[in-house]
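> Here's a sequence, model it:
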Amino acid sequence: MNILMRFRRFSEASKPARLSALCILCLPSFCLAQQSRVKVSPPEQVAVKRGSIVAQTLEVAILPGFHVNSDKPKDEFLIPLKLTWNGSALETKSITYPNPEQLKVGADELVVFTGSFKIKTEFEAPRNAASGAKTVTGKLRYQACNNQMCFRPASIDISLPVVVE
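Here you go, the predicted model:
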C-alpha cells in the first residue's frame, strides 16, 4: 500500500510536466497548420499524344485577408509566386500567370494575387516518349502576407497525372 501511495503522489506531481511536454511536442504541428494560407486544387489528369502540346490549368486559392506576391514583384527582395515542374515525361514549354492586382499596404504599392486564380502551363510530349501513365511533379513556392506582416515562405507539392498516347 505504501508503494501505491507513492506512485499516486508521483503521478499527481508529474501531471503539469507531462502536459508541458505534450504541448512542446505538438507545437511544430500547430505552426505548420497555420502556414497553409494557399490552397491548390489537385490537377485533373491530362492526355497527350507524342510530339503534341497539351495545356493544364492549376487552380489556386488564397484565403481571405491574405495575398501573395505576383510572379514579378516590384521589389527584388519580395519573394515571387513561382511554379516549377520537374523534368520528366513532359517538357515544360511555358507557364502563364494571371494579371496581378495593385495593393497599397502602408506607403508601399504591391503587385499581388488575391482570391482565386489560375496558372496555365503548356507541356510538350517528346516524340520518343514512352506511352502509358506517368506523373509530373512540381512545386508552387509563395510567401503569404496580410496587411500587417508576411509569413515564412512555403511550397506546395503538386502531382499531375499524365497519360502519354
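> all helices in this structure, in order from the N-terminus.
In the chain, the helices defined using DSSP state H lie at 2-13, 15-35.
> any weak-confidence spans in this protein?
The model of the chain has pLDDT under 70 over residues 1-2, 4-8, 10-35.
> residue boundaries of the strands in it?
For the chain, applying DSSP state E gives strands covering 38-40, 46-48, 53-62, 67-69, 82-85, 91-96, 101-105, 108-113, 116-124, 132-142, 144-145, 154-164.
> Show me how the record splits this structure into domains.
Using automatic domain parsing, the domains assigned to the chain come out as 2-33, 37-164.
> Can you add mean neighbour count and give those back as CSV?
All C-beta spots, glycine's among them, are computed from the backbone N, C-alpha and C. CSV is the format used below for the domains of the chain (neighbours: other C-beta atoms under 10 Å):
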stretch, mean neighbour count
domain 2-33, 9
domain 37-164, 15
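> Name the nearest residue to Q143, ignoring sequence neighbours.
I79 (4.1 Å; C-beta to C-beta, 6 or more residues apart in numbering).
> likewise N128?
Of all residues beyond its chain neighbours, the one nearest N128 is R50 (7.4 Å), with distances taken as C-beta to C-beta, 6+ apart.
> wouldn't the one you found be in contact with R127 here?
Yes - with contact defined as C-beta atoms under 8 Å, R50 reaches R127; the gap is 5.4 Å.
> what residues are shared contacts of the two?
Here R50 and R127 have no joint contacts, going by C-beta atoms under 8 Å, 6 or more residues apart in numbering.
> ok so, going back, if I look at the residue nearest to Q143, how far off is I3?
Distance check for I79 against I3: by C-beta to C-beta, to the nearest Å, it reads 60 Å.
> can I assume V162 is in contact with T121?
No - the criterion here is C-beta under 8 Å, and V162 misses it with T121 at 11.7 Å.
> Tabulate the strands of the chain (TSV), appending distance to R9.
Listed next are the strands of the chain as TSV, based on distance: least, C-beta to C-beta, whole Å:
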stretch	distance to R9
strand 38-40	50
strand 46-48	65
strand 53-62	53
strand 67-69	54
strand 82-85	58
strand 91-96	65
strand 101-105	56
strand 108-113	58
strand 116-124	58
strand 132-142	52
strand 144-145	49
strand 154-164	46
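> Thanks a lot, catch you later.
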